[in-house]
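Undergrad: show me the folded form of this:
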Amino acid sequence: MFTCERCGTEFSIGESVLKKYPNWTPKACMDCRDKPAAKAPAKSPAKKKGGNSITKAGNFTTSEILMRFTLGPDTGVFTDGSCAGNPGPGGWGAVYARDGRVVAQRWGQEPLTTNNRMELTAMIAGLSLIGPDDAIDVYSDSQLVVNTITKWAASWEKAGWKRREGEVKNLDLVQQAYALAKERPKARIQWIRAHDGSRWNEYADSLSQAYLRTEV
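TA: Residues are numbered from 1 along each chain as shown. So this is what the prediction gives:
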């Protein structure tokens, strides 16, 4: 058992986490970690799409993500895809969080795929977690996926699912994602910066890599 340095209550940590970090002593319980921390100094604008989150180098479980990160929106649907090689084996994940708690989540994998296909599959799963009348933000850290659904798909559909520049790549998934988005007109699909410490985007990223671990 450990004692929270903020509220003084005793709490425990999963054995798998303690084994992975034998010299680590947690300082706060989950309830205190969920509370907003003191405002940190403003960050300089990132120059790249992805930030410097340690999830870029580590493959953390969802429990570890919840212990490490507190930033970003605490309500919304968050989606992410990953690929070990492009093409190669890949995974996808989607989580619906409300007020900092998991409402629903899904994840899966493909033995041979691409990063874009996994990002689109994650968006499909994320949109499937909400109803037609739900007014909620749906996030993806793929600008391609966001622009495809919110800007380009409508004109492609009118043109018989063709582009002036050639075929629509991953057409099967694009059509599924766009159909779900049209059925959910109140959902706001938007981009979120990758690997920037946003708790639920990091969580979705962890789900997308769950196929590489023995523990989700």
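Undergrad: so for the biggest strand by length in the chain, what gets flagged as buried?
TA: Ranked by residue count and defined by DSSP state E, the top strand of the chain is strand 101-113. By 16 or more other CB atoms under 10 Å, the buried positions in strand 101-113 come out as 105-110, 113. C-beta coordinates here come from the backbone N, C-alpha and C atoms, glycine included.
Undergrad: can you tell me which of those residues is closest to Lys169?
TA: Ranked by distance to Lys169 (CB to CB), those are led by Thr113 at 13.0 Å.
Undergrad: before we move on, back to that, wait, which of the buried residues of strand 101-113 is closest to Leu207?
TA: Trp107 (4.0 Å).
Undergrad: quick revisit: ok, residues contacting whatever helix or strand comes next after the longest strand of the chain?
TA: Later in the chain than strand 101-113, the nearest helix or strand by DSSP states H and E is helix 115-128. Residues from elsewhere that reach helix 115-128 (CB atoms under 8 Å, 6 or more residues apart in numbering): 77-83, 86, 90-94, 96, 106-108, 110, 138, 140, 142, 144-145, 148-149, 169-170, 173-174, 176-177, 180-181, 184, 187, 189, 204, 208.
Undergrad: just the ones in strands from these, please.
TA: Under the assignment DSSP E, these contribute 77-83, 90-94, 96, 106-108, 110, 138, 140, 189 to strands.
Undergrad: would you turn the buried residues of strand 101-113 into a markdown table with pLDDT and distance to Ser128?
TA: Compiled in a markdown table, these are given as follows (pLDDT from 0 to 100; distance: CB to CB, whole Å):
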| residue | pLDDT | distance to Ser128 |
| --- | --- | --- |
| Gln105 | 98 | 12 |
| Arg106 | 98 | 8 |
| Trp107 | 98 | 13 |
| Gly108 | 97 | 12 |
| Gln109 | 97 | 17 |
| Glu110 | 97 | 17 |
| Thr113 | 97 | 19 |
